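Undergrad: here's my sequence, what's the structure:
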Amino acid sequence: MGHLDHAAFGWLTPVLSYAMACIGAALGLRCTVRALDAAGRSRRNWLLAAASAIGTGIWTMHFVAMLGFGVTGTEIRYNVPLTLFSLLIAMAVVGAGLFAVGYGRDRRRALGLGGLTTGLGVASMHYLGMAALRMHGQVRYDPALVGLSVVIGVIAATAALWAALSIRSPVAVAVASLVMGGAVSSMHYTGMMAVSVRVSPSGGALPGATAMQFIFPLAVGLGSYLFLTAAFVALSPMSDRREAPAPAQRPVESVAR
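TA: Predicted coordinates:
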């Protein structure tokens, strides 16, 4: 069995990955707040922005954490198409959940369905990202820990959607983002604890790209996107969409002539 190292760079990758998850969650919640105060195309566009922010934050959290992952006795490479597909999956399933709560009439049912769909999608993104690993060995999973990671993902997704519907103030959004970042990180590391690797030493070349060739530049690019989009959302004015009070109707007095 190969020895697994989940923090080859010490606390750097866990802390940085947690920060990415929190930033994506905060940005997504703020965009969702804007969406619920808007209508028509504006609502759709804000929900798309929220989905891309949360999905990007979750994906970046996963692969920044994976920069610190190593296995003794083998190098690790990544299948590029599968890795990119896992990013699309993350954004698509988060978008499905957000649109469910953004347009659903029965909020309770939409929250349950959206949380389940998004949570399963986040877990799918994680394990699809793990399927992109290429190494000299066989990866195995502990079914109980895999199931626990999926449960954590569903709970985290449901809490995120509930926060998107219920939280308005910037301070509350910040607190909710810290909690959501912790939940996403917990899901990731629980899933990683389920992993064991049986190394098969080989001198053959592995297919795919190394983390520094592909994952690191992409994670930096997506992290920059999150920071720039956060600045744009923070500087854009809030819509003041309130129901205007109906003008008072004066009673019409009939004058008998």
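Undergrad: give me the distance from the longest helix belonging to the chain to the chain's centre.
TA: Identified as the longest helix of the chain according to DSSP state H is helix 40-66. In terms of Cα atoms, centre = their mean, to the nearest Å, the centre of helix 40-66 is set 6 Å apart from its chain centre.
Undergrad: start at 790 instead
TA: All right, first residue 790 from here; so that's helix 829-855.
Undergrad: so for stretch 842-852, mean pLDDT?
TA: The average pLDDT within stretch 842-852 is 87.
Undergrad: other residues contacting that stretch?
TA: For stretch 842-852, the external contacting residues (Cβ atoms under 8 Å, 6 or more residues apart in numbering) are 806-807, 809-814, 816-817, 820, 872, 875-876, 879-884, 887, 911, 914-915, 918, 949, 970, 973-974, 977, 1004, 1007-1008, 1011-1012, 1014-1015, 1018. Heads up, the C-betas are built off the backbone N, CA and C, glycines and all.
Undergrad: filter those to the buried ones?
TA: In these, burial by neighbour count holds for 806-807, 809-814, 816-817, 820, 872, 875-876, 879-880, 882-884, 887, 911, 914-915, 918, 949, 970, 973-974, 977, 1004, 1007-1008, 1011-1012, 1014-1015, 1018, counting by 16 or more other Cβ atoms under 10 Å.
Undergrad: out of those, name the ones that lie in helices.
TA: Among these, DSSP H puts 806-807, 809-814, 816-817, 820, 872, 875-876, 879-880, 882-884, 887, 911, 914-915, 918, 949, 970, 973-974, 977, 1007-1008, 1011-1012, 1014-1015, 1018 in helices.
Undergrad: all strands of the stretch 890-1039 of the chain, in order?
TA: Secondary structure of the stretch 890-1039 of the chain (DSSP state E, counting those that start in this stretch): strands located at 922-923, 926-930, 984-988.
Undergrad: list the buried residues in the second one.
TA: The one in question is strand 926-930. Applying 16+ other Cβ under 10 Å to strand 926-930 flags residue 926 as buried.
Undergrad: show me what that strand pairs with in its sheet, parallel or antiparallel.
TA: strand 984-988 (antiparallel) (DSSP bridges).
Undergrad: starting at the chain centroid, how far to the strand it pairs with?
TA: Once both centres are worked out by Cα atoms, centre = their mean, strand 984-988 turns out to sit 27 Å from its chain's centre.
Undergrad: for stretch 863-875, same thing?
TA: Stretch 863-875 sits 19 Å away from the centroid of its parent chain (Cα atoms, centre = their mean).
Undergrad: show me the shaky parts of the stretch 840-989 of the chain.
TA: Low-confidence segments of the stretch 840-989 of the chain, defined by pLDDT under 70, are absent.
Undergrad: what sits closest to residue 997 if chain neighbours are left out?
TA: residue 866 (3.7 Å; Cβ to Cβ, 6 or more residues apart in numbering).
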